[in-house]
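>>> have a look at this prediction, sequence included:
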Amino acid sequence: MQILNELVVSLSKEEARYFKLFISKYASDDMRKDETLFDYIRRSADGYDDEVIINKLYAKGNPSAFYRLKNRLIGLLSQSLVLQYIDENDNIAYQHLQMARHCLGKRLFQPAIYFLKKAEKQAETTENYELMDIVYGEYIRLSREVTGIDPERYIEKRKANQERLTEFRRIDDIVAVVSHRLKLSQNFSVGREPVVKLLEKITKTYSANNTAVETSPRLMVGMFRAVTQILLQKHDYLALEQYVADAQSTFNRLGLFAKGHKEMYLQMLVYRINALLKLRNFDMAKAQAKTLKDALSGGVGGPGISYTNFFNKYIFFYYNAMVNIYSETDIDKAIKEIEFMQTQTNLKKLDFYALFVPLNLAILWFGKQNYRQSVRYFNELYQTEGYTNSATDLQLKIAVAELIVRYETNDFDYLQYRINQVKKNFKDLLKQEPYAREKEFMSIISDLTESPILKDNKKLLIRINNFIKTPESADGQVISYTEWLSEKTGK
């Protein structure tokens, strides 16, 4: 049952810990089998094998009992997750509704009204209009039993809610169709017209000529989030930059930044900056980054809005942009930018600082071919909480980047020691398919230490050429493996 495996592997540490506590109240052998199966799935990940765990749980093997166990485990997981997140907004509303229905079943009318009111209020807060429709229906049914409830009032409320629900459903339909069409389309990079015209056409078709829908802030925000995510996934940075520029103009013209969507102005700037960096349009990226910094530093953005309270959340994107720009155009300026950051005490308190500063200095000094200095900053990075608290896959990418730098120092004995250390530290991750490229790359570096003159090792040269030809996503690498190997082969 692949669904069970996906659920178990996706759990965070906190969710897994809660599940263990949830099943601890049971003491039967079957419950211990549940926990054993759960632990095995968590440990094995992609190496999961039904036969291994069946033989461990059932001495004579018992596939039927095993599949019943799987079904029970998925049921327990569902209960655990529902209970763990019962206090979240939508769940609270449904909890109140269930309590109201429970009370109605026992003809406890006043408690039922109490819980219906709480469900209605929570549904309004979270804009859950489907749930509000159900709540109003319960009020109307309850009015048959309780004379104090005026059914006409709730009938009118339900009608108004249905109109709003119809409008929002049209909006959701439009966003869904836009998402689907964009995912199927191959290219939107031929100027602005293809994306914008497609969005306008879909909106006209599914809005039923309802102007309120076509100009709805909810539609525009939903459309923006869907389109930007899809264009990012497709790595279509030209279409992304042009679409966000158009969205900025539309939001500003309609005054949406000042109507509850203040932060989207900063989000749009960040999208444009990152897209422009990918397009290597450094002059425009620098101009957009300056606009971002000015807004965060007390200037105004959009229709005269102050953004100083967003400083901590967004200032990283400014410095990240400037370092990226200068790392391509003037490495010394990039280093000076980070050195300036080191003098700003307010920046040192931010979460990104501890990881960002030493990592970028390590990369920049590598770019200047000062490998000893680069190694120094890698070592400094490993001592920070920023590195310790970062995702394991990022730690692996950083460690592989350090191996590249170590190779350039020509200390091959220590390099081989570090390769073995990295393999040991990340052995579970390196077993997984997404990290096969890192595994092969480390193997190539190891072989390079034995045969640094590639013309003397034809087999290694063929391996490297095959590695270079394999498509890669440079977004996930600290130092590009392909670019570095290409330099070694003279390509």
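Structure received. Numbering: from 1, shown residues only.
>>> which residues does the nearest residue to residue 11 once chain neighbours are set aside contact?
Residue nearest to residue 11 in three dimensions, not counting chain neighbours: residue 19, with 7.0 Å by CB to CB, 6 or more residues apart in numbering. In short, each C-beta sits where N, CA and C put it, glycine included. For residue 19, the contact set (CB atoms under 8 Å, 6 or more residues apart in numbering) comprises 11, 38, 76, 77, 80.
>>> element containing the fourth one?
This points to residue 77. helix 63-84 (DSSP states H and E).
>>> domains in this protein, by residue range?
Following automatic domain parsing, the chain resolves into domains at 2-84, 89-149, 262-331, 403-491.
>>> what segments of the stretch 301-450 of the chain are strands?
305-306 (DSSP state E, counting those that start in this stretch).
>>> residue ranges with poor pLDDT in it?
For the stretch 301-450 of the chain, residues meeting the criterion pLDDT under 70 lie at 301-303.
>>> where along it do the helices fall?
For the stretch 301-450 of the chain, the helices defined by DSSP state H, counting those that start in this stretch occupy 311-329, 331-341, 345-348, 353-367, 371-382, 385-388, 392-408, 412-425, 427-430, 436-450.
>>> quick one: closest of those helices to residue 296.
helix 311-329 (4.7 Å; CB to CB).
>>> what's the closest one in contact with?
Counting by CB under 8 Å, 6+ apart, 266, 269-270, 273-274, 277, 280, 282, 285-286, 288-289, 292-293, 296-297, 307, 333-334, 337-338, 341, 347, 350, 352, 356, 360, 363-364, 367 sit against helix 311-329.
>>> and what of stretch 135-142?
With contacts defined as CB under 8 Å, 6+ apart, stretch 135-142 is touched by 97, 100-101, 104, 109, 112-113, 116, 119-120, 123, 149, 151, 154-155, 157-158, 161.
>>> how far does that stretch sit from the chain's center?
39 Å (CA atoms, centre = their mean, to the nearest Å).
>>> also stretch 278-292?
Worked out by CA atoms, centre = their mean, stretch 278-292 lies 24 Å from the chain centre.
>>> CA atoms only: put it into PDB for me.
Output of stretch 278-292 as PDB, limited to C-alpha atoms (Å, rounded to 0.1, in the frame of the first residue of the first chain):
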ATOM      1  CA  LYS A 278      18.200  33.800 -13.700                       C
ATOM      2  CA  LEU A 279      18.000  35.900 -16.900                       C
ATOM      3  CA  ARG A 280      21.300  37.500 -16.100                       C
ATOM      4  CA  ASN A 281      19.700  40.900 -16.400                       C
ATOM      5  CA  PHE A 282      21.800  42.300 -13.500                       C
ATOM      6  CA  ASP A 283      21.100  46.000 -14.100                       C
ATOM      7  CA  MET A 284      17.400  45.600 -13.800                       C
ATOM      8  CA  ALA A 285      17.800  43.100 -10.900                       C
ATOM      9  CA  LYS A 286      19.900  45.600  -9.100                       C
ATOM     10  CA  ALA A 287      17.200  48.300  -9.600                       C
ATOM     11  CA  GLN A 288      14.500  46.100  -8.300                       C
ATOM     12  CA  ALA A 289      16.600  45.100  -5.300                       C
ATOM     13  CA  LYS A 290      17.200  48.800  -4.500                       C
ATOM     14  CA  THR A 291      13.400  49.400  -4.600                       C
ATOM     15  CA  LEU A 292      13.000  46.500  -2.200                       C
END
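>>> where's the nearest residue to residue 281 once chain neighbours are set aside relative to residue 228, distance?
Spatial nearest neighbour of residue 281, excluding adjacent residues (CB to CB, 6+ apart): residue 241 at 8.0 Å. Distance, residue 241 to residue 228, by CB to CB, to the nearest Å: 11 Å.
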